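S.K.: A predicted structure for the sequence below; I have some questions about it.
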Amino acid sequence: MSKRLISEHFFKYRKNALVVFGYDGSRFYGLQPQKDVPSAGQALRKRLESLHGFRAKSLAFSARTDRGVHARRNFATCYFSDRFDHEEWAKDVMRQRDDGLIVERVLEVPKHVHARACSAGKHYRYLVRAGVKSPTKDLNEWQVAPTLDCKHMQSAASMLEGEHDFASFRGRKCNAKSTIKNLYSIQVTTCPTDSKRIVVDVHGSAFLRYMIRNLVGLLVEIGSGWRRLEDIPGILAAKSRQAAGIMAPGSGLTLMAVGFEYPDDGRYLLKAPRAEQTRDPLRS
């Protein structure tokens, strides 16, 4: 078969897929595939390839998450160069299984749709339970012994909104080209059904590695009185990780949504933040 015929055959039967999915981060060592440990990305690949056995090529994700971090809605794209029943395959991928994944939807998309290139902003949520006398390991929240001043934490959060150099909140092995990021909104609220649970919602264009967890660590220090509001300008100016607060554990963090530019009807674009939205991660 000539190269031209091979190329025509490839594009004729190429299937490009967009997968909308979430996962229970407590079951995985992050999203990216890793050697000898389970990851959400590996679990998704297994689902995509289980029915027909064809390889999901160029599997990419809109947002990467670390060990223990949950996701309500993330996006993945890939393609298959084999001919098969796409509708049957999509139904199988969305079928509920005990693998830690929740696949919301599978769409056949044009080849220009890519998980990274079409993403536009992210919404993260962090849960903190304050005033716990005997903190225990919880897979959905960070339990801390001090009581926290929620209003004081919101005042600190407001100072961190907007465009800043967040080098002081950058985690190790971060490969971002720039540490200047734009945080659209940081909302600190008390859960309506549980006064001890504090919810931190962060909307932004992009984030550095561990940036949310480091920000929450600082907010907790300020809410407990260990740090002052007046410290924030100096922390930002220092551009040093040692200047910022402690890093919150991954278990309290959830990727709530990624703004996605496809399809054009706007169904997956991020909506304006609302302070009353304080639901638990992985629950509707």
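M.R.: Nice, thanks for sending it over. Numbering: from 1, shown residues only.
S.K.: all contacts plus neighbour counts: C-alpha atoms, from now on.
M.R.: Will do.
S.K.: contacts for stretch 103-111?
M.R.: If you take CA atoms under 8 Å, 6 or more residues apart in numbering as the criterion, stretch 103-111 is touched by 15-22, 90, 93-96.
S.K.: now do the domain split for the protein, please.
M.R.: The record's domain split for the chain, according to automatic domain parsing, is 3-108, 121-260.
S.K.: give me the below-cutoff pLDDT ranges for this structure.
M.R.: Low-confidence segments of the chain (pLDDT under 70): 1-13, 272-284.
S.K.: quick one: residues contacting the residue nearest in space to the middle of it.
M.R.: In the chain, the residue lying closest to the centroid (CA atoms, centre = their mean) is residue 255, at 3.1 Å. By CA under 8 Å, 6+ apart, residue 255 lies in contact with 65, 69, 70, 71, 72, 73, 74, 122, 123, 124, 125.
S.K.: so which of those residues wins on neighbours?
M.R.: The residue in the contacts of residue 255 with the most neighbours, by other CA atoms under 10 Å, is residue 70 (31 neighbours).
S.K.: so in terms of bridging, what pairs with that one?
M.R.: Counting by DSSP bridges, residue 70 is bridged to residue 254.
S.K.: okay, the helix or strand harbouring residue 102 in CSV with CA atoms only?
M.R.: Following DSSP states H and E, one finds residue 102 within strand 101-108. C-alpha atoms of strand 101-108 as CSV (Å, rounded to 0.1, in the frame of the first residue of the first chain):
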residue,chain,number,x,y,z
LEU,A,101,-13.6,7.0,37.7
ILE,A,102,-16.8,8.8,36.9
VAL,A,103,-17.1,9.2,33.1
GLU,A,104,-19.7,11.8,32.4
ARG,A,105,-19.6,11.9,28.7
VAL,A,106,-17.7,10.8,25.6
LEU,A,107,-17.9,12.9,22.4
GLU,A,108,-16.5,12.3,18.9
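S.K.: now, the contacts of stretch 103-111 that are in strands?
M.R.: Per DSSP state E, strands hold the following members of the contacts of stretch 103-111: 15, 16, 17, 18, 19, 20, 21, 22.
S.K.: how about these, which pair is most distant?
M.R.: 15 and 22 (22.2 Å; CA to CA).
S.K.: between those two, which one's more packed in?
M.R.: A count of neighbours by other CA under 10 Å puts residue 22 above the other of residue 15 and residue 22, at 24 against 20.
S.K.: was I right about the more buried one contacting residue 72?
M.R.: Yes: shown here, residue 22 and residue 72 form a contact pair, counting by CA atoms under 8 Å, at 4.6 Å.
S.K.: circling back: export the domains of the chain to TSV and tack on distance to residue 270?
M.R.: Formatted as TSV, the domains of the chain follow (distance: least, CA to CA, whole Å):
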stretch	distance to residue 270
domain 3-108	11
domain 121-260	5
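S.K.: which one, of these, ends up nearest to residue 268?
M.R.: Comparing the domains of the chain under CA to CA, the one sitting nearest is domain 121-260, at 5.2 Å.
S.K.: and that closest one, end to end?
M.R.: Terminal residues of domain 121-260 are spaced 8 Å apart (CA to CA, to the nearest Å).
S.K.: then stretch 192-210?
M.R.: End-to-end distance for stretch 192-210, by CA to CA: 28 Å.
S.K.: which parts of it are buried?
M.R.: Using 16 or more other CA atoms under 10 Å as the test for burial, stretch 192-210 gives 196-210.
S.K.: can you tell me which of the residues you listed is nearest residue 265?
M.R.: Set against residue 265, the nearest of those by CA to CA is residue 205 (20.4 Å).
S.K.: show me the contacts for residue 214.
M.R.: Contacts here follow CA under 8 Å, 6+ apart; on that basis residue 214 touches 169, 170, 244, 245, 246, 247, 248.
S.K.: phi first, then psi, for the fourth one.
M.R.: When you say that, I think you mean residue 245. Phi and psi for residue 245, reported as degrees, to the nearest 10, are phi -80, psi -170.
S.K.: could you double-check that it sits in contact with residue 213?
M.R.: No: with contacts counted by CA under 8 Å, residue 245 stays clear of residue 213, the gap being 9.7 Å.
S.K.: contacting residues for residue 160?
M.R.: 183, 186.
S.K.: about what we covered before: with distance to residue 148 added, can I get the contacts of stretch 103-111 in CSV?
M.R.: As requested, the contacts of stretch 103-111 are exported to CSV (distance: CA to CA, whole Å):
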residue, distance to residue 148
15, 51
16, 48
17, 45
18, 41
19, 39
20, 36
21, 34
22, 30
90, 46
93, 43
94, 41
95, 42
96, 39
